[in-house]
Structures are given as C-alpha cells and as structure tokens.
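In: Generate coordinates for the sequence data below:
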Amino acid sequence: MATTDHLCEEIRNRLLRRADWRFLLPNPQPMKSICFANGLLGRAVKLISDCVADDRLDATDCDLAVAVNPNRATLRKGWTALRPGGSCYTEWYSPLAGGPKGVRRRLTAAGFEGVTCYWAWPWPSFSHPRFWLPLGAPGALRHFLLSRPPTVGAVRWIANAGLRALCLMSLRVGLTLPICAVANKPARATNHRLSTVNQVPSSADRSTSYSGINLDLLNMIRAQWETWGFGPTPNHLSSLVLTGGHRSVGKVVWLVFAEPDHCPRLAVKMPRVPESIPGLTREATTLQCVQTLRPGGVTGVPRVLFCQEHAGLLTLGETALTGRPILTLLRPENYRDFALKVTAWLADLAGRPVTYPPAMWRNRLIEPVLRDFGESYSSVVDPGMVRETQDILTMLGALPLVCEQRDFGPWNVLMTADGELSVLDWESSEPQGLPALDLIYFLSFLALSLDGTINPGRIRASYRKILNPSTSTGSVLRECLERYASKTGLDFANLRPLRLLCWLLHSRSEYQWFIADVARKPEREALRRSLFLTLWEEELRCAARS
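Out: Here you go, the predicted model:
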C-alpha cells in the first residue's frame, strides 16, 4: 500500500473510503492491480496497491482487477491479467446489467467464480458508503433494516426521508444500484495454498454455504462456532460490513450472521490504516484483562474470541453487541434515568478496586498527560492556568485503579432490547486506569447533547450549567458522582482534579486529529478551536469562582 503520510486528512480519508470495498476481498492489500476506471476510483486503487499495471497493455500476474460497468471484452482482459486466485471487483450502475442475477451470470460467463454481490448503502453519502449489504442474505438485510434510526426533525426529514424511502424500497424489491460484485479467478489445482484459500463451495454443499465472508476466515469461524458457545454450527453464514466513522483511522467491522437469524453473533474488526493497529491491539488486551479479572464476564462488554493476522492484517473477533445508541434515545424525561443507569454500570465494571497511593500510578497516568498538554498547546494556553492545574493535580490522594474505556460517550453506549447497556469501541482503553474519568466524560456529553450544544463557540455557557448543582443537569451530575464515589471507595475530594484531568487526557487525541487535518504541526487558530481545551479552561475557571 502506498504511503499516505503526506496527505491531509480530508484527501486521505476521501481516497481510502473510496476503496473500502477492498475489505470484501480475500486480500485487502493487493501488491499488483489493474484498474479499468479513472477519477477517484482509479486514484484509490493506486493508493491501496504497491503498483498498478497499465490497462492499455497486456498485464499479467495481478492480484486485483477493478472495473466499472465492464463489457465482455473488459471482463476478459481483467480475467487474463489476474494471477490464479486473484480477485475482481466491479461496480454496476446500469439497470441493463440485470440486477444481482445478471451480474453473477456475466462474471461467471467470463470465467470468474465465487461471485458475491453487495449494495453499498448510499445514504447519507454516495461517495462514502457506511454499509455494504450482502444481497441474498435475508438475516443480514433484516438486521440492517431494523437497525435504521428514525429521522428526527422536520428539516432533516424533508431532506432525507425521500432518499431513505427510495433506498429501502429498492432494497426490498431487489432494484438496488449500484451493485458491487466481488469474484475471483479460479486457482490452479496444483497451488495448494491458493486452492485452499479461494476455493468456493459448490451449491450442492450446503454445509459450507456463505455470503460475503472470505473462506479461510470462514473456515476458522465455523471450526470454533460451538466452542464459543453459539450453538450448532450453522449451514449459512453471511456478513454485513460497516465502514462508518469520520476519519481514515476508523476501523472496518464485519457483523457475522447465522442465516436466516438477524441477530449478529460476531463482530470482526480490521484496521483501515497502520495507525489503527495499536488501538485494536489495546482493545483486545483490555477486554482479555476484563475477562481474566471477571471470569463470569461483565454484561455489555464484548468477549474476545480471537486476535490474529488475516490476509496480512490484524483481525480482532468479538461477540457482537446490539442495541440503539443512547444518544438517539435521549430525551429530557429519560436523561436522569440514563445517567443513573450508566453510573451503576461503570461502578459494576470497576468491581471492588484496590486503592493505591500516587507513587504507584502518577508517573504512568498523570505526568505524561501533563507533559503532552504543555508541549501541544503551549502556544495558546495561559501558563498560569497550566501551573494552577499542576498544583490541583498534586492534591490527588490515594485512588482505586479501574478499567477505563476512554471513549465513553453516549454514541458508544447502546441500550439493548431488554433494557441493558452495551459499550462499544475499546481501542483507547486503559486496563489499570483512573476512576470516574469515563463517568465524567459520559455525563458531560450526555448533558451537552441534551442541551444541543457540542460546539466550541457555544459550549462554555452550556458547560457552566452542568457544573452548577442548582441546575437540572448539574444536580444529576453531582448525584451520579456521589453514587459512583460511594460504590468504588473514591474520596469525593478527588473529583475536582479528576474532572480537570479528564479534558487534558482527551486533548491528546484531539491534537493528533489537528495534525492529521493538515499533515503537519497545526496552527494556533486550529488549536484555539479545541473542544477539550475549552472544557478544561471552563472547568478551571468555574472551580476558581466557586
């Protein structure tokens, strides 16, 4: 894959997401490709490949062939260019292609096998699909349809309802466009490795029926299915591929279904870029620690099933979590209930933590945060406020160490159908972290979301209301922090420095986003827009006035 370090985030993200279909292939990192398309798709293929053959020449030994609305001659040229076992990705935008059946027929006639058709869900962005739906997999499709959040607000409804309705109707009646198809050139029988990885089961062999799962990974999942406690091994597995998120570092997730059941059993995660690998490794480590410390498990925490290399990429398999994000359910009347429920969940995750003196954790959990904040934001912060923060943090006494999720926003907390909580995205986690930080983060953003204000330009007044115990959100914040402190053995006096530390901690990742946005050290104007810098300043000023 070509380096992308020199690209600003907007361009890098746009190119990489135009090639998210590569995660449908047996090998998402082709060495040599041939592309019969120009524009953004052509540039994306160059970015994900070590080299790209000239489509005007008679290329050979390619790992990947890419085409848009290919005719018979183009399909034949792509087939010829591929090595045995190589993959073909095509996009079909014309209804004259004949739908999924017509696409399969055309690709099979050209000599390809293992044809799987997808619909790249085009809402809300046609250029950056968030979902890749396997056509012909009723369980995966039903899950997708049932999980669509309702449209809220008259303006958004007018803008989006017509498009959503059209897309959903097209999906139900099979008139989806474009159709994205993945297929492969048959492997030589003498090449054992390729024939094992790319061999496609015959239609008569229903015990190995699948839809959209690469076969070497499929075989491993099937072999371990009963061991993982999922019941009898199913006849038919399918996958719904999720490529959401706003940045290129976002992971790609396969939800695996035992057809025709619409409840996913596994979530298989892969990194889109090398920078995503440490996060997935950290997630696996933290979740395994939770499993070790709490053998019975914690409700709403995914269980690690495997963490290994697949097709040259780290692949993390977990039990799938389902539900609706609390953020989509939040109303004034349920705000306190959600806050108390999450408080109890985080206290349960903490368990019965052991309290340690500062000498046991300060150099690991406090000093690096202070150092990074000073180096990153020194050009825009008041040195006096930094010194005051350092003085306040020295007041921290003995603390219980707990598992921190470190991205515990309402968008990552799900409410399940039976009223329980599930928590996603543990890539930033710390197995032996500090208490209350996740709760402070969650309660703050829950209240800001309720107020409709997550904007640095307007956030100060809203955050001041949260810090005021006489307001509705402020009283809930205090009630939840008192309950959490009581259950975990946390001295309530430590909460003031922990609130300051929370925003310093999260400013580190925001600084890395600023760097990625411009592919260099950010300017002062960008730093002043920092959401977490704003929250830190307001926290310190409100504390000084109280």
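In: Pull out the buried positions in the helix or strand encompassing residue 384.
Out: Counting by DSSP states H and E, the element that carries residue 384 is helix 383-393. Buried residues in helix 383-393, defined by neighbour count with 16 or more other C-beta atoms under 10 Å: 386, 389, 392, 393. For the C-beta atoms, the positions are set from N, CA and C on the backbone; glycine is no exception.
In: Could I get the CA-only coordinates of it as CSV?
Out: Extracted as CSV, the C-alpha positions of helix 383-393 are listed here (Å, rounded to 0.1, in the frame of the first residue of the first chain):
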residue,chain,number,x,y,z
PRO,A,383,1.0,29.4,31.6
GLY,A,384,-0.6,30.4,34.9
MET,A,385,-3.6,28.2,34.3
VAL,A,386,-1.3,25.3,33.5
ARG,A,387,0.6,25.8,36.7
GLU,A,388,-2.7,26.0,38.6
THR,A,389,-3.8,22.8,37.0
GLN,A,390,-0.5,21.1,38.0
ASP,A,391,-1.0,22.3,41.6
ILE,A,392,-4.5,20.9,41.7
LEU,A,393,-3.4,17.6,40.4
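In: what lines up beside the helix or strand following it in the sheet?
Out: Next helix or strand after helix 383-393 toward the C-terminus (DSSP H and E): strand 399-400. Strand 399-400 has these partner strands in its sheet, going by DSSP bridges: strand 355-356 (antiparallel).
In: After the partner strand, which helix or strand is next?
Out: Counting by DSSP H and E, what follows strand 355-356 is helix 362-365.
In: Name the residues of that next one that are buried.
Out: Quick answer for helix 362-365 (16+ other C-beta under 10 Å): 362, 365.
In: please renumber so the chain begins at 42
Out: Yep, numbering from 42; the last one is helix 403-406 now.
In: Need the residues that contact the helix or strand following that helix.
Out: Once the chain leaves helix 403-406, the next helix or strand it forms, by DSSP H and E, is helix 408-418. Outside helix 408-418, the residues within contact range by C-beta atoms under 8 Å, 6 or more residues apart in numbering are 427, 430-431, 434, 542, 545-546, 548-549, 552, 568, 571, 574.
In: quick one: residue 520 from residue 291, how far?
Out: The spacing between residue 520 and residue 291, counted by C-beta to C-beta, to the nearest Å, is 35 Å.
In: Tell me which residues are up against stretch 373-384.
Out: Outside stretch 373-384, the residues touching it (C-beta under 8 Å, 6+ apart) are 367, 370-371, 451, 454, 462, 480, 483-484, 487-488, 491, 513-514, 517-518, 520-521, 524-525.
In: In the chain, where is pLDDT below threshold?
Out: For the chain, the stretches flagged by pLDDT under 70 are 42-46, 163-168, 190-216, 230-253, 496-498, 584-587.
In: Tell me how far the lengthiest strand in the chain lies from the chain's centre.
Out: If you go by DSSP state E, the chain has its longest strand at strand 123-133. Distance of strand 123-133 from the chain centroid (C-alpha atoms, centre = their mean, to the nearest Å) equals 27 Å.
In: Direction included, what does that strand pair against?
Out: Counting by DSSP bridges, strand 123-133 is paired with strand 103-109 (parallel), strand 220-225 (antiparallel).
In: Packing partners of the helix or strand just after that strand?
Out: Next in sequence after strand 123-133, counting helices and strands by DSSP H and E, comes helix 140-150. Other helices and strands packing on helix 140-150, by 3 or more C-beta pairs under 8 Å, 6 or more residues apart in numbering; DSSP states H and E, are helix 113-122, strand 123-133, strand 154-161, strand 220-225.
In: then helix 140-150 to CSV, C-alphas only?
Out: Presented in CSV, the C-alpha positions along helix 140-150 are these (Å, rounded to 0.1, in the frame of the first residue of the first chain):
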residue,chain,number,x,y,z
GLY,A,140,-29.6,-7.0,-11.2
PRO,A,141,-27.6,-9.4,-9.0
LYS,A,142,-28.6,-12.4,-11.1
GLY,A,143,-27.4,-10.7,-14.3
VAL,A,144,-24.1,-9.6,-12.7
ARG,A,145,-23.4,-13.1,-11.5
ARG,A,146,-24.2,-14.5,-14.9
ARG,A,147,-21.9,-12.1,-16.6
LEU,A,148,-19.0,-12.7,-14.3
THR,A,149,-19.4,-16.4,-14.4
ALA,A,150,-19.5,-16.4,-18.2
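In: between the host helix or strand of residue 554 and helix 424-434, how big is the angle?
Out: Taking DSSP H and E as the definition, one finds residue 554 inside helix 536-559. Angle of helix 536-559 versus helix 424-434, following axes from the mean of the first three to the mean of the last three C-alpha atoms, to 10 degrees, is 130 degrees.
In: Helix 536-559: which residues count as buried?
Out: Buried residues in helix 536-559 (16+ other C-beta under 10 Å): 536-548, 551-552, 555, 557.
In: contacting residues for residue 522?
Out: Going by C-beta under 8 Å, 6+ apart, the list of residues near residue 522 reads 477, 480, 481, 484, 533, 536.
In: Can you turn the buried part of those residues into a PyMOL selection?
Out: Burial among the contacts of residue 522 is assessed by 16+ other C-beta under 10 Å; the matching PyMOL selection reads:
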select buried, resi 477+480+481+484+536
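In: For the contacts of residue 522, give me a markdown table that also has distance to residue 336 and secondary structure.
Out: Formatted as a markdown table, the contacts of residue 522 follow (distance: C-beta to C-beta, whole Å; DSSP: H, G, I helix; E, B strand; the rest coil):
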| residue | distance to residue 336 | secondary structure |
| --- | --- | --- |
| 477 | 26 | coil |
| 480 | 25 | helix |
| 481 | 29 | helix |
| 484 | 30 | helix |
| 533 | 32 | helix |
| 536 | 31 | helix |
